[in-house]
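Chemist: Generate a structure from the sequence data that follows.
(chains A, B, C and D)
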Number of protein chains: 2
Amino acid sequence: MPEIASILDAAKHWTAHYRRGHLIYGEGDLTTGIYRVDKGCVRLQVDSADGDRQIVAFLFPGDVFGMSVDLRTSSAEAVSDVDLTRYSLPSVLELATRSTSVLLQVMRAADTVYGELAHHTEQITHLPATERVLWFLDRLAGREGVQPGEPVRLPMSRRDVSDYLGLTPETLSRIMRQLQDDGHLSAVGRKSFTLRRPTFRVGPVDDPQLDPLSLPSEQLCA
Amino acid sequence: MPEIASILDAAKHWTAHYRRGHLIYGEGDLTTGIYRVDKGCVRLQVDSADGDRQIVAFLFPGDVFGMSVDLRTSSAEAVSDVDLTRYSLPSVLELATRSTSVLLQVMRAADTVYGELAHHTEQITHLPATERVLWFLDRLAGREGVQPGEPVRLPMSRRDVSDYLGLTPETLSRIMRQLQDDGHLSAVGRKSFTLRRPTFRVGPVDDPQLDPLSLPSEQLCA
DNA sequence: CGGCGATTTGAATTACATCAATCTAGGTGG
DNA sequence: CCACCTAGATTGATGTAATTCAAATCGCCG
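Modeler: Take a look at the predicted model:
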C-alpha cells in the first residue's frame, strides 16, 4: 500500500533496522509508533504459554503495521533483515485529525489486516493441509506479482510457514514433497519454488444465501 | 465498550432491529455505517465457497463493530433478535477529525477486535477440542460477569459455537457431554450451563507444568 | 572441514471428522 | 391445550488426515 505510506510521510518518522529473528515489539508493549516495511519481511504473531506460536500475518515492502493505540495486541518480529520506516504515533494521530485522507487510510489499513486475518482463519480451519499450502504459495506468488513460471522466493523458514498455516513442520515437509511429485510445484533450492499451475485459481462460487424472509426495521433516533 | 458508544453518540445515529438469523451486512457490501450492539448477540463470519463458515467473533451489548471504510471484509448476522445503534460512517469520520478521543476510540476498537481475532486463531489452531470448548465457555462466562456457580446463557446455537471453534457439531456435542460427565460443567436446559470451576483467571502464567487433564483445577487463559 | 540447528523421512498413534441413525425441543396448527 | 412436526442436537460406529516420536540427512556458518 504505497499510498498510505506517502501520505503518512507527513508525520514525524525515521528509519529503523532489525536483524533477522529480532523482536520489533512484543505483545503488551506500549505503542509509540506504527511501521511500514521498506525492505525484508516481518511476521505478526501470538505466542502461547506452552511455546506454541501462531503467526497471524507476514508483512512485505509497502505494508503498514502496528496500528495499535495503547498496548500491542500481538508481537512483531523480523523474518529477515528488515528496513522499516517508523512513524510517531502522536504525530500520525495529530495528522489524522487534520487530514481526512490520513484518517481514511489508517482505518482502511486496519480493516484490511482484519479482513485478511478473518480469511486466513477461515482457510486454516477448513482447508486440508495440501490446499492450505497451495493457498499460501499461491497468495505469496500473487503478492509478489510473479508471472506463472517465474520462481518465487520464500523469505521465511519452514517453521514460520507451518506456524502460519497451523501445521507441523513435518506435515508441511511431506506436503511440499507431494506437491513436487504431483508436478504442482518445483523447488529451486530450498528458498524458492515455481508454481506449475496458474496463480490464483478461480473456483466455482456457490450461493450460500440462507433465508431472506423479512426486512430489518430502522427508525431515526435523537 | 460503553465509553466509545457514548462518545459516538455525537454522530448521526439510528436504532435498527434484526431478527434472529438475518443478515446485517454481507461481505463485499459498501460500508455506510458502524454499529453498536444494544441487545442480543451478533456474529461476524466469513463464508467459503463450499458452504463452510468460520465465525470470527460474537458481539454482545456494548460492543462496536463494522469499522470498515469502503467494502465489508466479513459478514454480520443476528444470532438472536437484536437491537443495534447504527452510526453514519461519514458522520463518525467527520467527528473523528474534530475529536481526538473519537479517533482514539475508533482505532482502539479496531485494534481490540484484531487482537481478539489473533488470539482466537491461536487458540483454535493449537488447543485440543476439549480445551477449546472450555476456553470458549470460560470467556463467555467472564464476559457476562457471571459469578462461579451462576448459570450462563448461550445465546447461540451449537452450530454457531462449533463454527466459532472450528469443530463439527458432533464433536462439540461429545465434548460437552464429556465435560458434564467429568463434572467440569453442568447443563441447565440446552441453552444454559454452569461452570464448576472458577470463571476467568487472568493470573500470571506459572511454570511449564501443563497437563490440564491430570488435575481438577484447569488452567484457562485469555 | 566439522558441528549443529533446520529440515526431511519413516512408522505408529490418535484426535477429530464422517456417515448414519435416533432423539429432543419448541414452534405450529388442529 | 396438546399432539404433531421438523430442524437442531445427540449418539454410535468407522475411517483417516495429521500429529507424534524417533532417526537420518541437509546445509549453513564459524
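
Chemist: Model confidence score at the closest residue to A:Thr171 other than its chain neighbours, please.
Modeler: Among residues not flanking A:Thr171 along the chain, A:Ala129 sits closest, at 5.7 Å (CB to CB, 6 or more residues apart in numbering or on different chains). For every residue, glycine as well, the C-beta is placed using N, CA and C. In the predicted model, A:Ala129 carries a pLDDT score of 97.

Chemist: ok, now which ones touch A:Ala129?
Modeler: Applying CB atoms under 8 Å, 6 or more residues apart in numbering or on different chains, one finds that A:Ala129 lies in contact with A:Leu165, A:Leu167, A:Thr171, A:Leu172, A:Ile175.

Chemist: and the first one, backbone torsions?
Modeler: Translated: A:Leu165. When quoted as degrees, to the nearest 10, the phi and psi of A:Leu165 stand at phi -90, psi 0.

Chemist: Wait, it touches A:Pro128, no?
Modeler: No. Under the criterion of CB atoms under 8 Å, A:Leu165 makes no contact with A:Pro128, lying 11.1 Å away.

Chemist: more crowded one of these two?
Modeler: When A:Leu165 and A:Pro128 are compared for neighbours, A:Leu165 comes out ahead with 22 against 9, by other CB atoms under 10 Å in any protein chain shown.

Chemist: need the contact list for that one.
Modeler: Listed by CB under 8 Å, 6+ apart, the contact partners of A:Leu165 are A:Ile124, A:Ala129, A:Arg132, A:Val133, A:Phe136, A:Leu172.

Chemist: Turn these into a markdown table, including secondary structure.
Modeler: Supplementary listing: the contacts of A:Leu165 in a markdown table, determined by DSSP: H, G, I helix; E, B strand; the rest coil:
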| residue | secondary structure |
| --- | --- |
| A:Ile124 | helix |
| A:Ala129 | helix |
| A:Arg132 | helix |
| A:Val133 | helix |
| A:Phe136 | helix |
| A:Leu172 | helix |
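
Chemist: got CSV for the residues you listed, with distance to DNA strand C too?
Modeler: Compiled in CSV, these are given as follows (distance: CB to the nearest atom of the strand, whole Å):
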residue, distance to DNA strand C
A:Ile124, 12
A:Ala129, 12
A:Arg132, 14
A:Val133, 11
A:Phe136, 14
A:Leu172, 6
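
Chemist: Pull out the buried residues from those.
Modeler: With neighbours counted using 16 or more other CB atoms under 10 Å in any protein chain shown, those contain these buried positions: A:Ile124, A:Ala129, A:Arg132, A:Val133, A:Phe136, A:Leu172.

Chemist: now, the most widely separated pair of the residues you listed?
Modeler: Among the buried ones among the contacts of A:Leu165, the pair separated by the greatest distance (CB to CB) is A:Ile124 and A:Leu172, at 12.3 Å.

Chemist: Where does the residue nearest the centre of chain A sit: helix, strand or coil?
Modeler: Residue closest to the mean C-alpha point of chain A, counted by CA atoms, centre = their mean, is A:Ala57 at 3.3 Å. Local secondary structure at A:Ala57 is given as strand here, using three-state DSSP.

Chemist: any idea how far the nearest residue to it once chain neighbours are set aside lies from B:Val79?
Modeler: Taking CB to CB, 6+ apart as the measure, A:Ala57 lies nearest to A:Leu44, with 4.2 Å between them; neighbours along the chain are not counted. As judged by CB to CB, to the nearest Å, A:Leu44 and B:Val79 stand 29 Å apart.

Chemist: got it, and A:Val161?
Modeler: Looking at A:Val161 against B:Val79, where the rule is CB to CB, the gap reads 35 Å.

Chemist: before we move on, what about A:Tyr25?
Modeler: A:Tyr25 sits 35 Å away from B:Val79, taking CB to CB as the criterion.

Chemist: now A:Asp81
Modeler: When distance is defined by CB to CB, A:Asp81 is 46 Å away from B:Val79.

Chemist: And those two? Which one has more around it.
Modeler: The residue with more neighbours, out of A:Asp81 and B:Val79 and counting by other CB under 10 Å, is B:Val79; that gives 21 against 14.

Chemist: Check what pLDDT the closest residue to that one other than its chain neighbours gets.
Modeler: Taking CB to CB, 6+ apart, and ignoring the residues beside it in sequence, B:Val79 has B:Cys41 as its nearest neighbour in space, at 4.0 Å. B:Cys41 is assigned a pLDDT of 96 by the prediction.

Chemist: do A:Pro148 as well
Modeler: On pLDDT, A:Pro148 comes in at 74.

Chemist: these two touch, right, it and A:Gly142?
Modeler: No. The criterion here is CB under 8 Å, and A:Pro148 misses it with A:Gly142 at 10.5 Å.

Chemist: partner residues bridging A:Thr194?
Modeler: According to DSSP bridges, A:Pro151, A:Ser186 are recorded as the beta-bridge partners of A:Thr194.

Chemist: Enumerate every residue touching it.
Modeler: For A:Thr194, counting by CB under 8 Å, 6+ apart, the contacting residues are A:Gly149, A:Glu150, A:Pro151, A:Val152, A:Leu185, A:Ser186, A:Ala187, A:Val188.

Chemist: Roughly how far does the fourth one sit from DNA strand C?
Modeler: With distances taken as CB to the nearest atom of the strand, to the nearest Å, A:Val152 is found 15 Å from DNA strand C.

Chemist: what about that residue, how many neighbours?
Modeler: If you count neighbours by other CB under 10 Å, A:Val152 ends up with 20.

Chemist: go on, the last one?
Modeler: The tally of other residues near A:Val188 (other CB under 10 Å) stands at 11.

Chemist: ok, of the contacts of A:Thr194, which come out buried?
Modeler: Under a neighbour-count criterion of 16+ other CB under 10 Å, the subset of the contacts of A:Thr194 counted as buried comprises A:Val152, A:Leu185.

Chemist: Good, wrapping up.
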